[in-house]
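Let's see this in three dimensions:
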Amino acid sequence: MASGGQGWKAMALAAALGGLGAPGAAGAGPKAAGAAAQAQAPAKAKGPAGGGILRALDAALGEVIEKISPAVVQVTVSGYAPADETASGAIVRQRVLGSGVVVDPDGYIVTNAHVVAGAQRVRILLPEGRGPAAHTARRIYDARVIGVEPEIDLALLKIDARNLPVLALGRREVRPGQLVFAVGSPEGLASTVTMGVVSSVARQPDPARPVVYIQTDAPINPGNSGGPLVDTDGNVVGINTFILTQGGGSEGLGFAIPSDVVKYVYESLRRHGRVEHSMIGLAAQAITPGLASGLRLSQDWGVVVGDVAPGSPAEKAGVLAGDVIVSVDGRPIDGMPSLAPAIYLHPADAPLSLVLRRGEEVLSVKVAGVEPRRPAERLADVADLARSTVPRLGVVAMDLDEQARAAMPELRSPAGVVVVARVPEAGQAGAALEPGDVIHAVNRTPVASLTALKAAVAALPPGGPGVLRVERRGQLSWIELDLD
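Next comes the predicted model:
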């Protein structure tokens, strides 16, 4: 992710009061000096003032942390990754530490997608009890990955537990300067709490992505990924995700996914295993003074429709290039950072409500979006389930033939087997595989057909090593199979 200054880098997070001396009464006699000192001496605190205020603040913050900490967990992930960035082909077992938030008492946990990327085994360390004991006493659970939303960098996990303490998700009003706390396991130090303020409520580092972040100066370090950013009432305002840093540690530039976005993704992943998106065929851009003058717009700020795709839902609803977007689903739109989440948070199965300004006229339109189908989903329609299921992996797969290559034209290797669906009840060894993954090799042995893949997987001994070479969204990685 590009950052503002040279030498800065975006880093995913998967691992005082000073005394002032009173001025002296220079040149005065002893009595005058004494009187001056007495006059300048601070009055003793009465009631809640002075130290009483600090003690009250200390007690209030302690109550907030007591409320938050039991629902914040440590996430440990094991898997395989390249030993270095060279082309040596060597792989090593890696261990990733992150954080998570319990959002349902029946064991549903939200964390970042990058924490569990390439995971073979995910374990949750749950605080046991309250107070100081919670820092050392832990319950350990194996977790299942229910779903992942890589575009927003969120994942949903599930452990077999009941009656867990939770933190609620939802829309929270935040403002610059608001006091917030980051809770998580930086560098594996569980239940770490840091404090800061909200620096900005609408940062969009990458205009191509729909997520807009809350920026904070609360110290955040590797291992905080997936942990909550909370307000002084103990409400989750965001999920800590990445930092901008020159030195690798916290430099006061932390970013959290807003709580309402987290709630939407959580509910979608729990219900469908993925996030359903609707396509309306509309492209927008920020209005500048020059654009406003040249297009004779009535305002020199906000968002204007730059393009409407032919035959798209937006065109059918009457949207035109040059329309100014006033609101989406009742949310006022004052710039691209407010448009992106408004469209992302819209339910895929409902029409989108747009208010537009066209010249001096204000129009209200309903756009019936359609969900774009992923290439792997289209391939699943033509797969022979009886022949294409790989039972041990728990997936449906197809040869990478001409039809598959046409649906996935930018593959790095033309040979392999494409995963088109998951069948968890058929097997769990390939639980880390996703539809759209292309399997190129098993334990370094290339597999160019479904038959070859089935034979290679069947030959793997129970408990033995099993590593797949997988291409996912243009990136190659290793995925370890759970052959227990």
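
all contacts plus neighbour counts: C-alpha atoms, from now on.
Fine.

If residue 256 is in a bridge, with which residues?
residue 214, residue 240 (DSSP bridges).

residues contacting it?
213, 214, 215, 216, 229, 238, 239, 240, 241, 242 (CA atoms under 8 Å, 6 or more residues apart in numbering).

Check the first one and give its pLDDT.
The one in question is residue 213. Per-residue pLDDT puts residue 213 at 94.

again with the last one
Turning to residue 242, the model gives it a pLDDT of 90.

With neighbour count as extra columns, can I get the contacts of residue 256 in JSON lines?
Below are the contacts of residue 256 laid out as JSON lines (neighbours: other CA atoms under 10 Å):
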{"residue": "213", "neighbour count": "24"}
{"residue": "214", "neighbour count": "26"}
{"residue": "215", "neighbour count": "26"}
{"residue": "216", "neighbour count": "29"}
{"residue": "229", "neighbour count": "32"}
{"residue": "238", "neighbour count": "29"}
{"residue": "239", "neighbour count": "31"}
{"residue": "240", "neighbour count": "33"}
{"residue": "241", "neighbour count": "32"}
{"residue": "242", "neighbour count": "26"}
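
which one of the residues you listed is nearest residue 314?
Lowest distance from residue 314 to these (CA to CA) belongs to residue 213, with 27.4 Å.

Isn't that closest one up against residue 255?
Yes: between residue 213 and residue 255 there is a contact under CA atoms under 8 Å: 5.8 Å.

Mind listing the shared neighbours of those two?
Common contact partners of residue 213 and residue 255 (CA under 8 Å, 6+ apart): none.

Now do the helices in the stretch 101-250 of the chain.
Ranges of helices in the stretch 101-250 of the chain, per DSSP state H, counting those that start in this stretch, are 113-116.

what stretches of it score poorly on pLDDT?
The model of the stretch 101-250 of the chain has pLDDT under 70 over residues 118, 129-137, 208.

Tell me where it has strands.
Taking DSSP state E, counting those that start in this stretch, the strands of the stretch 101-250 of the chain run over residues 108-111, 119-127, 138-149, 154-158, 179-184, 192-203, 213-216, 228-230, 236-245.

most tightly surrounded among these?
A comparison of these by mean neighbour count, using mean count of other CA atoms under 10 Å, puts strand 228-230 on top with a mean of 30.

Note down every partner strand of that strand and its orientation.
Assessed with DSSP bridges, strand 228-230 is paired to strand 179-184 (antiparallel), strand 236-245 (antiparallel).

Of all these, which one is nearest residue 440?
Nearest of those to residue 440, taken as CA to CA: strand 236-245 at 31.1 Å.

Distance from the host helix or strand of residue 265 to the middle of the chain?
Using DSSP states H and E, residue 265 falls within helix 259-272. A distance of 11 Å separates the centroid of the chain from that of helix 259-272, by CA atoms, centre = their mean, to the nearest Å.

do stretch 254-269 as well
With CA atoms, centre = their mean, you get 7 Å for stretch 254-269.

same question, stretch 138-156
11 Å.

what does it rub up against?
Against stretch 138-156 from outside (CA under 8 Å, 6+ apart): 108-114, 116, 121-128, 157-160, 209-211, 226, 241, 262, 265-266, 269-270, 273-275, 432.

the longest helix in the protein is where?
Criterion DSSP state H: the longest helix present in the chain is helix 51-68.

Under the pLDDT cut-off, which ranges of the stretch 351-484 of the chain? List them.
Within the stretch 351-484 of the chain, the segments meeting pLDDT under 70 span 370-385, 403, 407, 409, 424-428, 484.

Break this structure into its domains for me.
72-158, 179-272, 282-367, 375-480 (automatic domain parsing).

which of the ones you listed sits most buried?
Comparing the domains of the chain by mean count of other CA under 10 Å gives domain 179-272 as most buried, with a mean of 22.

got a list of what residue 456 touches?
By CA under 8 Å, 6+ apart, the residues touching residue 456 are residue 442.
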